[in-house]
Structures are given as structure tokens and as C-alpha cells.
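Q: Need a 3D model of the sequence below.
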Amino acid sequence: MDISGEYMLTNVREMASGFLLMPDHQFQFFFSYGALDRQAKGEWKLEGDQVVFNSANWSGADFTIISSSADNPEEGIEVVLDPPNPMLAAYLHLSLSRGQADSWIQFRGPGELRLQPQAFDSLALQFEFCPERFTVLPVTKGHTRFVIRPEPTLFELYLNQFTLRYTAEGLSGKHPLLEGTFEYSRTGAGNP
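A: Next comes the predicted model:
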């Protein structure tokens with residue numbers, strides 16, 4: 001049975017989302033809500049009436065430390081976003097406690113944080129629009145100034161055994177980013 005085609009999220013206002021199932025069993029997923037766009041890609045397979053989606057594994061890091069130094073440790077810890085980006089910084093958080101609850105601090109301005117001297121062994125970073133994961137970067141002991149850069153895959157969504165039920169009308173089930181149960185209608189040429 002050929003179920004390849006486009007399946008668009010229905011009955012959800014002010015956002016667009018859907019899956020493209022290609023005949024070679026590759027898929028593309030997109031989600032667009034206001035200025036936020038997320039996407040996923042990978043392989044799909046049909047098991048009975050279940051469509052199973054799997055992406056490549058996440059690299060484990062949405063950010064990279066591009067430089068670090070032990071400049072002026074008595075002045076505290078400095079973390080700088082490169083290139084400066086006030087829109088990204090407004091939703092970027094740092095933890096020096098490996099992401100423990102109540103340890104997150106929001107970046108300021110174009111993307112910098114200055115913190116009091118303290119013991120730490122890593123930088124944990126989380127972008128609010130990708131709440132399903134955060135990055136923990138080990139640091140060189142004694143270094144207190146860090147320049148970080150987001151990876152190009154920051155907005156990539158990674159699906160692991162995500163399933164939707166195939167019906168004559170389309171797909172139904174959960175959404176990778178939203179709470180609840182949804183319908184995805186098949187669109188375009190080739191509808192059954």
C-alpha cells in the first residue's frame with residue numbers, strides 16, 4: 001500500500017504543521033507558529049496501521065564553546081554568544097549546575113552573562129523554543145570566560161519511534177510538539 005503524500009494538521013488555528021511521506025520512506029516534518037519554525041526529517045515505515053517515524057540521533061549539543069580562557073577569574077564568570085543575537089538571547093538560559101531545577105539564568109542584551117565567581121565544571125544551555133532537550137558542555141578547569149555559538153541544527157526536532165495511525169482520511173494521533181490528539185488530512189494529488 002502506498003501511503004506517501006502530504007498530511008497537514010487540521011482544526012488547529014494560527015499554526016501550520018504537517019508531514020511529507022516520500023515514496024523512498026524518507027519524511028519531512030514542519031511546524032510553524034508565528035516566528036517559530038521547527039522541522040524534522042528521517043525515515044518512516046508502516047507497521048500495520050501505524051506509521052513509525054525515526055530521525056537520526058541528536059548530536060547531544062545545540063551549542064559549541066568556540067573559545068575559553070582564564071581571564072580575570074576574580075571578576076567572575078562571563079559567557080558570551082557569538083555572533084551577538086538579542087532575539088536568540090531573549091530565550092536562552094544557562095545553568096552552572098548541569099540543568100538542575102531552579103538553576104537557570106536568562107541571557108541579557110545581545111547575548112551575555114556575567115556571574116559571580118563559583119565552582120562549576122560545565123555549562124548547561126537551553127533554548128526555550130526547544131524545551132525537549134538541553135546541552136551540557138564540559139569546561140576546562142580554571143577557565144572563566146566562554147564564547148559560545150549555536151549549532152545550525154538548533155531548531156531541528158528529533159523523532160524516536162513517534163507513531164501515528166493511518167486511516168482512509170489521513171493520520172491521527174499525537175503531535176511532536178503539542179499536547180493532545182490530532183488529525184492530519186492527506187492533501188494534494190494521489191488522495192485515496
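Q: quick one, what contacts the closest residue to Gly180 other than its chain neighbours?
A: Distances taken as CB to CB, 6 or more residues apart in numbering place Lys174 nearest to Gly180, at 7.5 Å, with adjacent residues excluded. (C-beta placed from N, C-alpha, C; glycine too.) Shown in contact with Lys174 (CB atoms under 8 Å, 6 or more residues apart in numbering): 162, 164, 180-182.
Q: could you redo the last one with a cut-off of 10 Å?
A: Neighbouring residues of Lys174 by CB atoms under 10 Å, 6 or more residues apart in numbering: 162-164, 180-182.
Q: before we move on, what about Arg38?
A: By CB under 10 Å, 6+ apart, the residues touching Arg38 are 17, 29-32, 129-130, 154-157, 176-177.
Q: ok, the most centrally placed residue in the chain - contacts?
A: The residue lying closest to the centre of the chain (CA atoms, centre = their mean) is Cys130, at 3.8 Å. Under the criterion of CB under 10 Å, 6+ apart, the neighbours of Cys130 are 36, 38, 62, 91, 153-157, 177.
Q: Next: Gly142.
A: 68-70, 73.
Q: Most neighbours among those residues, which one?
A: Ser68 (18 neighbours; other CB atoms under 10 Å).
Q: doesn't Thr144 make contact with that one?
A: Yes: with contact defined as CB atoms under 10 Å, Ser68 reaches Thr144; the gap is 8.4 Å.
Q: got any residues that touch both of these two?
A: Shared contacts of Ser68 and Thr144, counting by CB under 10 Å, 6+ apart, come down to Val79.
Q: what sits against Leu164?
A: Leu164 sits next to 7, 19, 44, 49-53, 170-176, 182-184 when contact means CB under 10 Å, 6+ apart.
Q: Now do the domain split for the chain, please.
A: Domain segmentation of the chain under automatic domain parsing yields 5-56+156-187, 63-150.
Q: Generate CSV for these, with mean pLDDT as supplementary columns.
A: As requested, the domains of the chain are arranged in CSV below (pLDDT from 0 to 100):
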stretch, mean pLDDT
domain 5-56+156-187, 95
domain 63-150, 93
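Q: what is the closest residue to Glu78 other than its chain neighbours paired to in the beta sheet?
A: Excluding its sequence neighbours, the residue lying closest to Glu78 (CB to CB, 6+ apart) is Arg145, at 4.7 Å. Going by DSSP bridges, Arg145 is paired in beta bridges with Ser69, Glu78.
Q: Arg145 contacts Asp82, correct?
A: No: judged on CB under 10 Å, Arg145 makes no contact with Asp82 at a distance of 12.0 Å.
Q: These two: which has the busier surroundings?
A: More crowded of Arg145 and Asp82, by other CB under 10 Å: Arg145, with 18 against 15.
Q: can you tell me which residues contact that one?
A: Contacts of Arg145 (CB under 10 Å, 6+ apart): 67-73, 75-80, 114.
Q: can we see that at 7 Å?
A: Arg145 is in contact with 68-69, 71, 78, counting by CB atoms under 7 Å, 6 or more residues apart in numbering.
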